[in-house]
Structures are given as structure tokens and as C-alpha cells.
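heads up, no residue letters with this:
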């Protein structure tokens with residue numbers, strides 16, 4: 001049984017138990033009120049009855065998540081996913097600090113999610129919540145904690161910054177950006193070539209960075225996408241995001257012309273390019289990183305007086321344009337490398353719904369004209 005003793009103006013609690021090795025241990029706590037002390041004692045007495053590991057329960061959420069990640073995830077995830085888990089770990093550390101995992105309530109965790117929603121998109125918050133949910137679920141299964149505090153939490157309205165709904169350009173601004181970037185796209189400005197490629201292919205940054213010259217079929221005007229570049233790591237090639245991301249897509253003559261000139265200029269300049277990467281220029285032996293490309297993109301937006309989007313927004317711009325041109329959603333999904341058409345429909349639901357309303361009006365007009 002736990003002992004509760006009054007010491008001066010506070011209450012001391014001592015809970016004795018045996019750990020997994022059979023060694024006798026104690027949990028101690030000091031509280032300002034008897035009610036808090038009793039709650040602490042009852043919580044750990046109940047945990048003892050349910051076979052929870054009280055020694056592990058004393059660990060912080062941050063420490064437990066870190067160990068869980070290193071044990072179950074780190075060795076088998078891609079570098080980009082690895083960094084996502086590190087991002088989640090950082091957010092846990094900033095919000096929960098040294099709080100013990102066993103003391104976190106659903107309300108406390110919901111507050112964490114609400115806090116994230118003020119600064120990040122729904123996609124980012126959902127990813128963090130998914131990491132936490134998997135970790136905490138395992139903690140319950142392992143007897144580290146008694147209840148899953150992530151159960152039935154909700155993601156509130158998130159910030160609009162960077163979401164699919166606004167991270168794209170309309171047709172007029174898309175044309176302005178294309179016309180501004182195209183004359184700059186050369187061996188002297190590789191970031192501009194990458195921006196043009198992103199706008200005209202809808203490919204992800206890492207996919208574009210990983211393109212090599214043997215991926216281009218100049219005669220048939222296609223690009224094969226079957227790898228990515230680990231641009232935040234040692235610069236090695238990595239698999240694409242999913243199997244469905246491996247694809248061959250058509251590209252317009254304007255992009256073929258720019259790439260043809262770039263290849264010829266690389267040969268003329270005798271650039272060292274052992275990996276035969278496409279996006280190598282005269283100023284650096286490396287492919288421009290995403291920060292460099294986004295910097296040029298922001299400068300272009302400011303110069304043109306158009307809405308600012310990220311490089312990934314070029315992908316959304318490309319897809320949105322094709323949807324507005326009434327290209328089959330199935331064809332667009334394959335072009336983007338989505339694993340199923342449902343993903344495309346969810347990501348671009350705002351545009352699809354807008355077009356659906358136009359179709360409803362067209363139906364009414366057609367029926368009225370009978």
C-alpha cells in the first residue's frame with residue numbers, strides 16, 4: 001500500500017513496487033494538498049494492479065518518444081521521413097518539456113494539437129498527431145502507461161499558410177511566372193531551370209533534383225522519374241516516395257528546348273558531372289538546394305507582384321491548371337505520381353468542387369433550353 005504522510009505544509013507519498021527484474025523500488029512525490037497526494041498514490045496503486053512498468057512510466061514523453069523512434073522506426077524509414085520524426089520530437093520537447101508521459105491527460109495533449117494548429121497546416125499537424133498516436137499506443141501495449149491520451153483528440157481549424165487551398169497560382173500569374181523565369185533558365189541560373197521544370201511537370205523538388213540526363217527522351221519528349229536526390233543528406237540517390245511515384249510523363253517543347261541548350265552548355269563548359277545530374281551549373285558542382293530555389297521563387301513573386309508560393313506550390317499550380325482544363329483526374333493522378341486517384345481528389349477537392357458547381361449551372365442551362 002502507498003503511504004501518505006503530512007510534512008509541514010505539504011504531503012509526501014511513497015509507493016513501493018517491484019520492477020520487471022524483481023528488484024524492489026519506490027516512487028516518491030510531494031504535493032501541496034492531500035487530494036493531489038491521494039490521486040498520485042491511487043494512480044500508481046492501480047497501475048501496479050494492472051502490471052504497468054512504473055519505472056518506465058517515470059520517463060518524460062520526450063525521452064520515451066525518442067527511444068521508441070530509435071527502436072522501431074529510425075532504421076527503416078527514408079531520410080525525409082526520418083527528418084519528419086525529428087520534427088515531431090522537437091515539437092514534443094518544446095511543448096511538454098520534462099513532463100512525464102504517465103501524467104499527460106487527453107486535455108493536455110489536445111492543447112498541444114491546438115497549439116500546433118495555430119502555426120502549421122492541417123497536413124503537418126496530422127502527421128505529428130499520427131506519430132504521437134503510434135508511439136502512445138505502443139506505450140499502452142507495453143504497460144508503460146495505462147491509457148492512450150491521444151484517443152478521440154481532434155485537429156481544429158489550422159492555419160491557411162502553405163495549404164493546398166492557397167499554395168498555387170491562377171492561370172494569369174502562372175503565365176507571368178513562366179514568362180519571367182524562362183529567359184533566366186540557363187547554365188548560369190540552374191534554380192530558374194528547376195522552377196520552370198517544376199511548373200511544367202508538377203514533379204516534387206526531390207524528384208527534379210534527382211533527374212539525370214538518361215531520364216530525358218528528347219525524341220519522344222518525356223521524362224522518366226524513378227529516383228530522388230537526398231539533397232539534405234550526403235547527396236545520394238534515393239527511391240521515390242512510393243512505387244506509384246515511378247512514372248514517365250510528357251513534357252512540352254518549351255522545356256525540351258531549355259534542357260537541350262543546358263546539356264549542350266554543360267558539354268561546352270566541360271563541367272565535372274560524374275552522376276550525370278541535369279541541374280548542374282557553372283557556379284556550383286552541386287544541385288541547388290530547396291532553400292536556394294525558393295529564394296529565387298520568392299524574388300520572382302515580389303518582382304512580378306504576384307502571390308508568394310513555395311516550390312511545392314508549383315506542383316499544385318500545375319495540377320490545378322490541368323484540372324481547370326478538364327483533363328481526366330485519373331490522368332492527372334498518374335502524372336503526379338499519386339498512389340491512387342483518391343489522393344488527388346482529396347488534395348484538390350476545392351478546385352473539383354468549384355468545377356462541379358459550374359457543371360451544375362451548365363446542367364440547369366441545358367435543361368432550361370429544352
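The structure has been received and is ready for your questions. This is a predicted model, so every value here is computed, not measured.

Hmm, residue 202 and residue 336 touching each other?
Yes. Contact criterion Cβ atoms under 8 Å: residue 336 and residue 202 qualify, at 5.6 Å. Using the backbone N, CA and C atoms, a C-beta is placed for each residue, glycine as well.

who touches both of those two?
Listed as contacting both residue 336 and residue 202 by Cβ atoms under 8 Å, 6 or more residues apart in numbering are 315, 319.

nearest residue to residue 296 other than its sequence neighbours?
Spatial nearest neighbour of residue 296, excluding adjacent residues (Cβ to Cβ, 6 or more residues apart in numbering): residue 191 at 4.4 Å.

Determine the number of other residues adjacent to the one you found.
Close neighbours of residue 191, defined as other Cβ atoms under 10 Å, add up to 26.

which SSE is it in?
Element membership of residue 191, judged by DSSP states H and E, is helix 190-201.

neighbouring contacts of that helix?
174, 177-178, 181-182, 184-186, 203, 205, 208-209, 211, 223, 249, 251-252, 254-255, 258-259, 262, 279-281, 283-284, 287-288, 292-293, 295-297, 300, 311, 314-315, 317-318.

Please apply the same query to stretch 291-302.
177, 180-181, 189, 191-192, 194-195, 205, 307-311, 314.

Just the buried residues of those residues.
When neighbours are counted using 16 or more other Cβ atoms under 10 Å, these contain these buried positions: 177, 180-181, 189, 191-192, 194-195, 205, 309-311, 314.

how about low-confidence regions in this protein?
1, 17-22, 44, 46-57, 159-165, 231-235 (pLDDT under 70).

what residues go with each domain of it?
Split into domains by automatic domain parsing, the chain comes to 3-57, 61-141, 171-318.

Can you tell me how far the nearest residue to residue 58 once chain neighbours are set aside is from residue 90?
Using Cβ to Cβ, 6+ apart and skipping residues adjacent in sequence, the residue nearest residue 58 is residue 100, 6.0 Å away. For residue 100, the distance to residue 90 equals 19 Å [Cβ to Cβ, to the nearest Å].

neighbour count winner among the two?
residue 100 (15 against 11).

which residues touch that one?
With Cβ under 8 Å, 6+ apart, residue 100 has these contacts: 57-61.

Let me know the closest of those residues to residue 45.
residue 57 (12.9 Å; Cβ to Cβ).

any idea how far stretch 249-262 is from the chain center?
From the chain centre to the centre of stretch 249-262 is a distance of 30 Å (Cα atoms, centre = their mean, to the nearest Å).

and if you look at stretch 291-307?
That offset, for stretch 291-307, works out to 22 Å (Cα atoms, centre = their mean).

what's the residue closest to the geometric middle of this protein?
residue 124 (5.6 Å; Cα atoms, centre = their mean).

what about that one, distance to residue 11?
Distance from residue 124 to residue 11, by Cβ to Cβ: 42 Å.

Go through the contacts of stretch 291-302 and say which is closest to residue 107.
residue 310 (34.2 Å).

does that closest one really touch residue 167, like I thought?
Yes. Judged on Cβ under 8 Å, residue 310 makes contact with residue 167 at a distance of 6.2 Å.

The residue nearest to residue 58 pairs with what?
On the basis of DSSP bridges, residue 100 is bridged to residue 60.

Pull out the buried positions in the host helix or strand of residue 357.
Assigned by DSSP H and E, residue 357 belongs to helix 349-368. Of the residues in helix 349-368, residue 351 count as buried by neighbour count, 16+ other Cβ under 10 Å.

Then stretch 78-89?
79, 82, 84-85, 88-89.

contact partners of it?
Contacts for stretch 78-89 (Cβ under 8 Å, 6+ apart): 62, 65-66, 69, 73-74, 77, 127-128, 131-132, 206, 230, 232-233, 238-239.

hmm, back to that, now the residue nearest to the centre of the chain: which helix or strand?
Here residue 124 is assigned to helix 122-141, by DSSP H and E.

moving C-terminal of that helix, what's the next helix or strand?
helix 171-181.

can you give me the strands for the chain?
3-7, 10-18, 24-31, 216-217, 222-225, 228-229, 237-238, 247-250 (DSSP state E).

Can you give the contact residues for the longest one?
Here strand 10-18 makes contact (Cβ under 8 Å, 6+ apart) with 2-6, 24-34, 36-37, 40-41, 44-45, 48, 54.

Quickly run through the sheet partners of it, with directions.
If you go by DSSP bridges, strand 10-18 pairs up with strand 3-7 (antiparallel), strand 24-31 (antiparallel).

Mind listing what's buried along stretch 115-132?
For stretch 115-132, the neighbour count (16+ other Cβ under 10 Å) marks 116-117, 120-122, 124-125, 127-129, 131-132 as buried.
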